[in-house]
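Student: Coordinates for the following, if possible.
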Amino acid sequence: MQDTPSQAQQADKAPSGVVMFPLVARLLALGGAALFALAAWLPWAIVTAAPFEGTTPDSSSVRLVLTPASISSWSLNSTPGPQGALFIWSALTVLGVPLAALAWMRVSRPLAWLIACGYGLWLVVTLFFSITSAQYLLQSSTIIVPQPEDSKPPLLFESVGSRDLGIGLWLSAVALLICLVGLWALISAARRATPSTALAPAPTRPAAQTPGAGTLTFGLILWAAGFLWLAWASLDCPSFVLVYATCKGITADGAMTYAISQLGVGSAPGGALITIDPRVGEYAISILLTVGALLIGIGVWRRGVSRALCGWATVWLVAAAAFGVLAWFGVNRVVNTPATSGLPSGPWGGESGILFTTVALLICLVGIGLLWFALLFRRTQASAT
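Tutor: Predicted coordinates for the structure are as follows:
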């Protein structure tokens, strides 16, 4: 009597000589990374401290809602500087999501190990910076808060009166624990996986001949120009502006930062403070969308059409559209009430970045629709055969 392989072994062994991670491992890795990407920008500590003005401390205390991005636990007087440290932390908070998304592909065993090791390296580095930031927030008697501009000196707060744990710290701990379990599941699957020795089916249609590949690629390039480079709002610009080189302007990053700062503060049922750090709009969102666009662009030309590629391209399009709406809301706030955003008053107006990004997302929608059509048509043909 011959033993039948278990479901877990079948999930690790793809019929075409490639490896597929189990669904549980993929969900754990992606869920933990997505939860950390959110929790990293929620309050980690709520501190009451006295500001230090000049050479004498101020007698009045202020309430500080702190996240790892709002402190100088390791970046002060270092090579990156406050803005460089913010960029590094922003990248760490979101890079786990696209790394986990790679685990949804059917890959060779060496590539499966590369994905697991890449996810593990991200997790180790993120754990280090998270633990360092948590220790500073919970143990330091002096809080140093950097200014948005590197040229300004950081703010110093002493005489910490009270210190409460924020909801972001608890959620981050849970998220990193889920990531650890997900990493263990990925490594276990990569160790057990044995590619099939059966003959592989005929190769799929080349990406260059797939309808929608060129359309989607053009849309992604146009989106990068409109969202990352072109101005979304400008001040005292006489005509239609492509780049904000000669007049004051803001890009989508600045617009999202202003929008998030206007969303307000809420409270959880237990009384925990819930507010998103506006600094998430400076680098993190753009890094997440840019890395996702690069992976989709590479995948559509290197690997052709697949269900995972079409699914993740659709998720990216929805996320890009949602963040585009958020940036558009920020532009409206800047145009209507620039003083509340800390900007100089004047005739602010929308710029070319909004139009470029909107057209780019529509082109991406057409390209992804053509990819879905090619995938479904290929499956229909295979079923008929």
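Student: Sketch out the strands for the stretch 201-350 of the chain, chain order is fine.
Tutor: 233-235, 248-250, 266-267, 273-274, 348-350 (DSSP state E, counting those that start in this stretch).
Student: least reliable of those strands going by mean pLDDT?
Tutor: When the strands of the stretch 201-350 of the chain are ranked by mean pLDDT, strand 266-267 comes last with a mean of 46.
Student: So the closest residue to residue 321 other than its chain neighbours: helix, strand or coil?
Tutor: Distance criterion C-beta to C-beta, 6 or more residues apart in numbering; nearest residue to residue 321, sequence neighbours excluded, is residue 361 at 5.6 Å. Quick note: C-beta positions are derived from backbone N, CA and C, even for glycine. Under the three-state scheme (DSSP: H, G, I helix; E, B strand; the rest coil), residue 361 adopts helix.
Student: Now residue 66. Its backbone dihedrals?
Tutor: Main-chain dihedrals, residue 66, degrees, to the nearest 10: phi -110, psi 140.
Student: give me the beta-bridge partners of the nearest residue to it once chain neighbours are set aside?
Tutor: Take residue 66 and drop its neighbours on the chain: the residue closest to it by C-beta to C-beta, 6+ apart is residue 45, 4.9 Å away. Taking DSSP bridges as the rule, residue 45 bridges to residue 66, residue 165.
Student: Now for residue 45: which residues touch it?
Tutor: 66, 137, 138, 163, 164, 165, 166, 169 (C-beta atoms under 8 Å, 6 or more residues apart in numbering).
Student: Distance of the residue nearest to residue 321 relative to residue 215?
Tutor: 12 Å (C-beta to C-beta, to the nearest Å).
Student: Kindly report the domain assignment for this protein.
Tutor: Structural domains assigned to the chain are 9-201, 205-385, following automatic domain parsing.
Student: Could you report the pLDDT at the residue nearest to residue 66?
Tutor: Confidence score, pLDDT, at residue 45: 87.
Student: And for residue 194?
Tutor: 58.
Student: Repeat that for residue 151.
Tutor: Residue 151 is given a pLDDT of 51.
Student: still on that earlier bit, generate the PyMOL command that creates a selection of the buried members of the contacts of residue 45.
Tutor: In PyMOL, this line selects whichever of these come out buried by 16 or more other C-beta atoms under 10 Å:
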select buried, resi 66+137+163+166+169
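Student: for the contacts of residue 45, which one is nearest residue 351?
Tutor: Of all those, residue 351 sits closest to residue 66, with 34.1 Å by C-beta to C-beta.
Student: could you check the distance from the closest one over to residue 286?
Tutor: 23 Å.
Student: Same check on residue 184?
Tutor: Taking C-beta to C-beta, one finds residue 184 at 31 Å from residue 286.
Student: now swap in residue 140 and tell me
Tutor: Taken as C-beta to C-beta, the span from residue 140 to residue 286 is 30 Å.
Student: Comparing the two, which residue is more hemmed in?
Tutor: Between residue 140 and residue 286, counting by other C-beta atoms under 10 Å, residue 286 is the more crowded of the two (20 against 16).
Student: which helices and strands does whichever strand or helix holds residue 86 pack with?
Tutor: Assigned by DSSP states H and E, residue 86 falls within helix 81-102. The contact analysis (3 or more C-beta pairs under 8 Å, 6 or more residues apart in numbering; DSSP states H and E) places helix 81-102 against helix 23-39, helix 109-139, helix 284-302.
Student: Centre of the chain to the first one, how far?
Tutor: Its chain's C-alpha centre lies 12 Å from the corresponding centre of helix 23-39 when counted by C-alpha atoms, centre = their mean, to the nearest Å.
Student: Just the buried positions in that helix, please.
Tutor: 25-30, 32-39.
Student: The second one too?
Tutor: For helix 109-139, the buried set under the neighbour-count rule, 16+ other C-beta under 10 Å, comprises 109, 112-113, 115-116, 118-120, 122-123, 126, 129-130, 133-134, 136-137.
Student: Can you lay out the contacts of residue 45 as TSV showing distance to residue 262?
Tutor: As requested, those are exported to TSV (distance: C-beta to C-beta, whole Å):
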residue	distance to residue 262
66	20
137	25
138	30
163	28
164	25
165	26
166	21
169	25
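Student: Save the contacts of residue 45 as a markdown table, and put in distance to residue 102 and pLDDT too.
Tutor: Formatted as a markdown table, the contacts of residue 45 follow (distance: C-beta to C-beta, whole Å; pLDDT from 0 to 100):
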| residue | distance to residue 102 | pLDDT |
| --- | --- | --- |
| 66 | 33 | 86 |
| 137 | 32 | 84 |
| 138 | 34 | 83 |
| 163 | 39 | 79 |
| 164 | 38 | 83 |
| 165 | 34 | 85 |
| 166 | 31 | 86 |
| 169 | 28 | 92 |
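Student: now, among the contacts of residue 45, which is nearest to residue 279?
Tutor: Checking these one by one against residue 279 (C-beta to C-beta), the nearest turns out to be residue 66, at 11.6 Å.
Student: Please identify the helix or strand for residue 374.
Tutor: Going by DSSP H and E, residue 374 is in helix 352-384.
Student: what does residue 163 give?
Tutor: Judged by DSSP H and E, residue 163 forms part of strand 155-165.
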